[in-house]
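Colleague: have a look; sequence and predicted model below, questions after that.
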Amino acid sequence: MESSADDTAVAIVDGTTKKILSNVVMKQHDDQNPYGGIHPFVAIQCHQRNLPFAIRRALQEAQMTVHDVDGIAFTRGPGMAGCLAVSVNAAKALAAALQKPIVGVNHMQAHALTPQLTNPGEVDGYPFLTLLISGGHTMIVLANSCKTFKILATSVDIAIGNAFDKAARMLDIVPDPKKGYGAALETFCREETPIEDVPTTRLQPFPPLSYKLPNPLQPELFSFAGLTAAVQRVVESGEMDRDQRLVIARSFQRAAISQLTLKLKGSLDWCNKNGVKPKALVASGGVASNMELRQSIRKFLDEQPDGPKSLVFPPPEFCTDNAAMIAWASMHRFENGDFDDYGVLSLPKWSIEDLEKPLP
C-alpha cells in the first residue's frame with residue numbers, strides 16, 4: 001500500500017517470479033487542481049475514501065482473496081504525515097486481523113529499486129546511480145545494495161516536480177486531467193509552433209529568463225526556487241500571448257533539465273575520484289517520464305567517457321508513485337523473516353541513508 005502524497009495505490013506482486021499481478025493507482029487531480037497543489041486535508045480525505053476500493057480492485061485484478069496474500073508492505077516514510085497514516089493504519093489493522101507479517105518501506109528506496117522489478121536484466125548488480133526526481137524529492141543516490149545508499153546530491157529548497165507545477169500554474173497552462181500540471185507543461189513545450197529565437201538581451205543561456213544555473217561549485221546541491229522566481233518575474237512584467245508563454249515554458253524546462261545534468265556530472269566526478277564505477281544510471285520518480293529529460297540525459301551520458309553507458313527508465317506508469325515498487329522493495333525483508341511489529345509508526349522524515357540504523 002502507498003499513500004505518501006496524493007496517489008492512493010495498492011498492488012500485488014509475486015516476488016519469486018517478479019510478476020506484477022495487479023497495480024492500482026487512484027489519482028486526486030480533480031480534487032487537488034482547485035488548490036494548485038496538494039492540499040493535505042483534501043489528500044487525507046481522498047485516501048480514506050479511495051483505499052478500500054483500491055484494495056478490493058487489486059485483489060479482483062489479481063484474481064485472489066486477501067487470504068492468499070503472504071504479507072503486507074506499506075510506505076512507512078518519508079511523506080506527508082497524515083497521508084502516510086492512512087495506508088500505515090490500514091496495513092497494520094488488516095495484517096493483525098489476518099495474522100499476516102508486515103514490512104514498512106522507505107519510499108525513496110522503493111523508487112530506486114523499481115527497475116529491478118520493471119526492467120529485469122537492465123540493472124546488473126550494484127553499485128548503480130539513481131536520479132530520484134519527483135514532486136517531493138530531487139536526489140542523486142548511489143545504491144551499493146538494496147538497503148545501503150549514499151546521497152550524492154539533494155535539493156536545498158523545492159523539488160523539480162514542484163517547480164514544474166509552479167511554473168505551469170504561473171503560465172496559465174491547463175493541467176492534464178490525469179497527470180497534473182507538470183505533464184501539461186511538457187505537452188505544452190512540445191507543441192509544434194514555429195517561434196523565432198528570443199533576442200539574447202538577458203542572462204544566458206536561458207532567455208528570456210533572467211537565470212543562471214545555481215551552485216556551480218556545489219555539485220551536491222540542487223536549487224529550483226530561483227528558477228520559479230525567474231518565471232514569476234517574467235510573468236509579472238506584463239501581458240503575454242500564447243507564443244510568449246511557450247518561449248518561457250521551453251526556457252524553464254531547458255534550465256531545469258540542465259541543472260540535473262550539471263549535478264550528474266558532479267556525482268560522476270565524485271565516483272571517479274573515489275574509485276566507484278556505477279554499472280548504470282537509473283532515473284525514477286514522476287518527472288522521469290518527461291521525454292525531453294530522457295533525451296537530454298541520454299545525450300549527456302554519451303558524452304561522458306568514464307560514466308555508465310546503461311541508462312534505465314522504468315515504464316512511465318512505474319515512474320510515478322505506485323504500490324508495486326513498495327511491494328518489491330519489501331521482498332528482501334520478507335524473505336529474511338525481518339518483519340515489523342504491528343505497533344510500528346510512520347516516519348514522515350526518513351532518510352534513504354538511514355535504512356540500516358535502529359528506528360523507533
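Modeller: Done, it's in.
Colleague: hey, let's count contacts and neighbours off CA atoms from now on
Modeller: Noted.
Colleague: just give the nearest non-adjacent residue to residue 341, would you?
Modeller: Of all residues not flanking residue 341 in the chain, residue 102 sits nearest, at 7.4 Å (C-alpha to C-alpha, 6 or more residues apart in numbering).
Colleague: just checking, the one you found touches residue 72?
Modeller: Yes. Taking C-alpha atoms under 8 Å as the definition, residue 102 is a contact partner of residue 72 at 4.9 Å.
Colleague: tell me, what's touching those two both at once?
Modeller: Here residue 102 and residue 72 have 91, 95 as joint contacts, going by C-alpha atoms under 8 Å, 6 or more residues apart in numbering.
Colleague: between the two, which one's more packed in?
Modeller: The neighbour comparison of residue 102 against residue 72 (other C-alpha atoms under 10 Å) goes to residue 102, with 25 against 21.
Colleague: the more buried one bridge partners, please.
Modeller: Counting by DSSP bridges, residue 102 is bridged to residue 72, residue 340.
Colleague: just the strands in the protein please.
Modeller: Secondary structure of the chain by DSSP state E: the strands cover 8-14, 19-26, 72-77, 102-106, 128-133, 138-143, 149-155, 221-222, 281-284, 311-312.
Colleague: please identify the buried residues of the worst-scoring helix or strand of the chain on mean pLDDT?
Modeller: Least confident helix or strand of the chain, by mean pLDDT, DSSP states H and E, is helix 29-32 with a mean of 76. For helix 29-32, a neighbour-count test (16 or more other C-alpha atoms under 10 Å) marks 29, 32 as buried.
Colleague: residues touching residue 333, list them.
Modeller: Contacts of residue 333 by C-alpha under 8 Å, 6+ apart are 103, 339.
Colleague: roughly how far does it sit from residue 211?
Modeller: Distance of residue 333 to residue 211, computed by C-alpha to C-alpha, to the nearest Å: 46 Å.
Colleague: ok, residue 244 next?
Modeller: In terms of C-alpha to C-alpha, residue 244 sits 17 Å off from residue 211.
Colleague: what does the model give the residue most central in space within the chain for pLDDT?
Modeller: Note on the chain: the residue nearest the mean C-alpha position is residue 285, at 2.3 Å, using C-alpha atoms, centre = their mean. Listed pLDDT for residue 285 reads 86.
Colleague: same question for residue 230.
Modeller: Value for residue 230, per-residue pLDDT: 93.
Colleague: I'd say it and residue 210 touch.
Modeller: Yes. The pair residue 230 / residue 210 is scored as a contact, 5.9 Å apart, by C-alpha under 8 Å.
Colleague: contacts only, for residue 144.
Modeller: By C-alpha under 8 Å, 6+ apart, the neighbours of residue 144 are 126-128, 150.
Colleague: 6 Å instead?
Modeller: 126-127 (C-alpha atoms under 6 Å, 6 or more residues apart in numbering).
Colleague: do the one 5 residues further on as well
Modeller: Applying C-alpha under 6 Å, 6+ apart, one finds that residue 149 lies in contact with 142-143, 353.
Colleague: specify the beta-bridge partners of it.
Modeller: residue 143.
Colleague: can you check what pLDDT the model gives the closest residue to residue 347 other than its chain neighbours?
Modeller: Distance criterion C-alpha to C-alpha, 6+ apart; nearest residue to residue 347, sequence neighbours excluded, is residue 77 at 4.7 Å. Note on residue 77: pLDDT of 94.
Colleague: residues near the residue nearest to residue 57 when sequence neighbours are not counted, how many?
Modeller: Leaving aside its sequence neighbours, residue 57 sits nearest to residue 24 (C-alpha to C-alpha, 6+ apart; 7.2 Å). Residues lying near residue 24 (other C-alpha under 10 Å) number 23.
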